[in-house]
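Enquirer: Using only what follows, build the 3D model:
(chains A and B)
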Amino acid sequence: MSATQAIRRVFDWKVRGVRWIEIIGLVLVAAMIFSVYLAKAAAANESAEIASLERQIRQNGQRVRLLRAEVARLEQPGRLEALSRMAGLAPVDVHRQAAVTSLPELAPVPEPQPLVIVAPTPPAAPAPVEAPAAVTVEAAQ
Amino acid sequence: MSVQDPQAWDRPAPGTPGQVSLPSWRWLTEAMWRIEHSFGRARADARPEEDTRVRIFVILSLFSAVFVCLALGAVNAALLAPKGGVGWVRHPNAMMRGDLVDRNGALLATNIVHYGLYIDPAEVWDRQAAAVRIKRVLPRVSMTKLNRVLTGERRLIVMTGLTPGEKAAVHGLALGGVTFEPEDRRVYPLGASTTHVLGAADTGGEGISGAELAFNREIREAGAQGESFALSIDLRVQGVLENELARAVADSQAKGAVGIITDVQTGEVLGMASWPTTDRLNRAVSAHYEMGSVFKTFTVAAGLDTGAADMDTKFDATEAFVIGKRRITDFHATNEVLTLEEVYLHSSNIGTSRLAVEMGPTVMQDYFKRFGLLDAAPIELHESARPRRPIKWDDSTLASLSFGYGIMITPLQMSAAMGALTNGGRFIPLTLRKGGLPNPEARQVVSPETSATLLDLLRRNVVRGSGGRADAPGLRLGGKTGSANKLVNGRYDPTHAVGTFAAVFPVDGPLNARRYSILILIDEPGSYPRTGGFVAAPAVGRIADRIAPFLGIERRADPYRTAMGEKIPAFEDVAGDGR
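Expert: Residues are numbered from 1 along each chain as shown, chains lettered A, B, ... in the order given. Predicted coordinates:
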């Protein structure tokens, strides 16, 4: 009973004969309409931007496809071979081919020679030019 | 809200007195007033529940129901929109057809936007000058068509398929009335290379030949996803094959040529070339040839597999083998009794004929069927042609079949059969799909032992027999030559020959090791000698030499040759004719 009374009181709460609840409702509806308008306007902007980006992507994609096709045309084996033969190139003869494992046979690693460190002679005379040559270091490759 | 005097409910409906309204209008206004007055009547009858509030409630419920329906409809459209319906977003990279790429991703075919050239003559200032200037920047335009459009009345198309460059050139003329419409076009950037494998697609985006037709649905699906479709072709291998084939054709002045490279373990086709490339016919799958001695491989395999012979079985080749009125002789008669191995290495027609007749028609037919020589080669390409099979299988036919006459097969069938023979005896359908068929139905053709024996025999044929020119250093290549004359005006004409070499490398290692088959067929070579050992074998050797690094095959020594290709026992071509 008190609940209905409370509701009735809310409904009876008026200013200049207009119910407050209606004024509040109108304000809320106005706010909602405005916010929906804002959201729609923003979304329209966004979708215009998205459309423009997608158009760019599509154009770039077409360009990429065009360039890829151009690369494929330029790199086709027949063309490359003709150009290489014109430049005097040919398939490598078997005797001039080697695997990584056969490198030691082809170019043996030289024996690392012992480091020869000549004892530095005491600088009796000012001979700065010869000083760096005093130490000989044979480094292994 | 009713403002009527409740007491006046039976007052006649207001109408302009003196003005006669139509009966239908009068009926409508009377009905409205009856509804209006019903509330007055309700109050008069002391039924206040039929009051304004009830009316408001009814209207409210009606509106609510309508709005709920709208809301449900909107939710349904937003969340459960069907594919392809309104609001469904296509894949951003979607195309009518996906790109075709090779197994390593190199581009083979793609779609590129081209432009149609339209001219509205009403907007062209000087038609003569316009025609001349357009022709200058676009030489391939038809002048008659251009003039017809320019002298016409309406906006009409002049030409389709302008490349972006051509479009820019015409656009740069800044002529009035010239417009462009974009159109998607299938482009094959490699030109004549791989043209037979790829085939073509029409302007509507449907494949009409080759792989474009064979994988039409999958290519379109890949395109809708913005993806590409990979073929089993390796462009590097294909390139070597094409270049070496062109060289072999130039060397032998041939009319045509075919080259096929396959992976014998998976059935993947790594390269397929048909020469001349200007011919639309794909000779690798659609042309029929009597291939000659390469068939001896299958005859010997059948003999070994059935147990009708072993490597030491003797065959009398001292004199011609006579069947009825027919005398079968050897190209280079040895006039000796030969073992089966010698029969193969000398390519003795007498020996294989004797073996075939001994085995009989049932066994021969069974083995030819098993090797797929009697059916179209199993591959996705719709062009794969059926062979021309012998009608009757009498002794004379058997003898012919044993050395590759009397049956015309496509080169691809030969490739598939060689694969079956050298991968442990499993016949695997060939495929252009990267990675091979998902679950291929391999059928056992010959026993693994026969396969191993034949691998060794093929290798011996290269180091000691007729295939010496095909040897590639360190690649353990084995193969069989084939030389046949073509039937011209009812007789076999030695000036119209077909030289073949069917090779496999490497032949050593376990039966399921990686192994590749190379088939080269030279059609009507003009140079002499016209035998397979001279026209086709050198190309096979060069191809193997060049593709081995791509396929990851290392050079190694075997019992016959060092890794560098030097001979270990000094044996030469025993017959010296490369037949």
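Enquirer: Spell out the residue ranges of the helices in the stretch 351-500 of chain B.
Expert: Secondary structure of the stretch 351-500 of chain B (DSSP state H, counting those that start in this stretch): helices located at B:395-402, B:411-422, B:448-463.
Enquirer: Quick check: closest non-adjacent residue to residue 95.
Expert: No chain in the question, so chain A it is. Distance criterion Cβ to Cβ, 6 or more residues apart in numbering or on different chains; nearest residue to residue A:95, sequence neighbours excluded, is residue B:564 at 6.3 Å. Quick note: C-beta positions are derived from backbone N, CA and C, even for glycine.
Enquirer: oops, chain B please
Expert: Once flanking residues are discounted, residue B:95 sits nearest to residue B:223: 4.3 Å by Cβ to Cβ, 6+ apart.
Enquirer: Hmm, that neighbour is touching residue B:93, no?
Expert: No. With contact defined as Cβ atoms under 8 Å, residue B:223 does not reach residue B:93; the gap is 9.1 Å.
Enquirer: neighbour-wise, which of these two wins?
Expert: residue B:223 (22 against 16; other Cβ atoms under 10 Å in any protein chain shown).
Enquirer: my read is that one is in a helix, agree?
Expert: Yes. When DSSP: H, G, I helix; E, B strand; the rest coil is applied, residue B:223 is found to be in a helix.
Enquirer: tell me the contacts of it?
Expert: B:94, B:95, B:96, B:97, B:98, B:111 (Cβ atoms under 8 Å, 6 or more residues apart in numbering or on different chains).
Enquirer: What pLDDT does the model give it?
Expert: Residue B:223 carries a pLDDT value of 89.
Enquirer: Give me the distance between it and chain A.
Expert: Using Cβ to the nearest Cβ, to the nearest Å, residue B:223 is found at 12 Å from chain A.
Enquirer: With residue B:189 instead?
Expert: Distance from residue B:189 to chain A, by Cβ to the nearest Cβ: 4 Å.
Enquirer: In contact with that residue, which residues?
Expert: Contacts for residue B:189 (Cβ under 8 Å, 6+ apart) come out as A:69, A:70, A:72, A:73, A:76, B:107, B:108, B:109, B:110.
Enquirer: where does the closest residue to chain A within the stretch 151-300 of chain B land on pLDDT?
Expert: Residue of the stretch 151-300 of chain B nearest chain A, by Cβ to the nearest Cβ: residue B:239 (2.2 Å). Listed pLDDT for residue B:239 reads 94.
Enquirer: which one is it nearest to, not counting chain neighbours?
Expert: residue A:77 is the one closest to residue B:239 (Cβ to Cβ, 6+ apart), at 2.2 Å.
Enquirer: How about the contacts made by the one you found?
Expert: B:193, B:235, B:236, B:238, B:239, B:240, B:242, B:243.
Enquirer: In strands only, show me the residues you listed.
Expert: Among the contacts of residue A:77, no member falls in strands (DSSP state E).
Enquirer: right, and out of those residues, which lies closest to residue A:12?
Expert: Nearest to residue A:12 among the contacts of residue A:77, counting by Cβ to Cβ, is residue B:235 at 87.2 Å.
Enquirer: Quick check, that closest one in contact with residue B:102.
Expert: Yes. When contacts are counted by Cβ under 8 Å, residue B:235 is listed as touching residue B:102 (4.3 Å).
Enquirer: neighbour-wise, which of these two wins?
Expert: residue B:235 (26 against 23).
Enquirer: Next one: that one relative to residue B:270, how far apart?
Expert: 10 Å (Cβ to Cβ, to the nearest Å).
Enquirer: cool, residue B:213 as well?
Expert: Distance from residue B:213 to residue B:270, by Cβ to Cβ: 21 Å.
Enquirer: Who has more neighbours out of those two?
Expert: Between residue B:213 and residue B:270, counted using other Cβ under 10 Å, residue B:270 has the larger neighbour count: 27 against 18.
Enquirer: my read: that one touches residue B:236, true?
Expert: No. Assessed by Cβ under 8 Å, residue B:270 is found out of contact with residue B:236, at 9.2 Å.
Enquirer: Turn the contacts of residue B:189 into TSV, including distance to residue B:24, pLDDT and secondary structure.
Expert: Output for the contacts of residue B:189, formatted as TSV (distance: Cβ to Cβ, whole Å; pLDDT from 0 to 100; DSSP: H, G, I helix; E, B strand; the rest coil):
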residue	distance to residue B:24	pLDDT	secondary structure
A:69	72	91	helix
A:70	76	92	helix
A:72	77	92	helix
A:73	78	92	helix
A:76	82	90	coil
B:107	75	92	strand
B:108	75	93	strand
B:109	71	93	strand
B:110	69	91	strand
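Enquirer: Of those, grab the buried ones for PyMOL.
Expert: Here is the PyMOL selection string for the buried members of the contacts of residue B:189, based on 16 or more other Cβ atoms under 10 Å in any protein chain shown:
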select buried, (chain A and resi 69+72+73+76) or (chain B and resi 107+108+109+110)
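Enquirer: After the strand ranked longest in chain B, which helix or strand is next?
Expert: Longest strand in chain B, counting residues (DSSP E): strand B:491-505. Next in sequence after strand B:491-505, counting helices and strands by DSSP states H and E, comes strand B:516-523.
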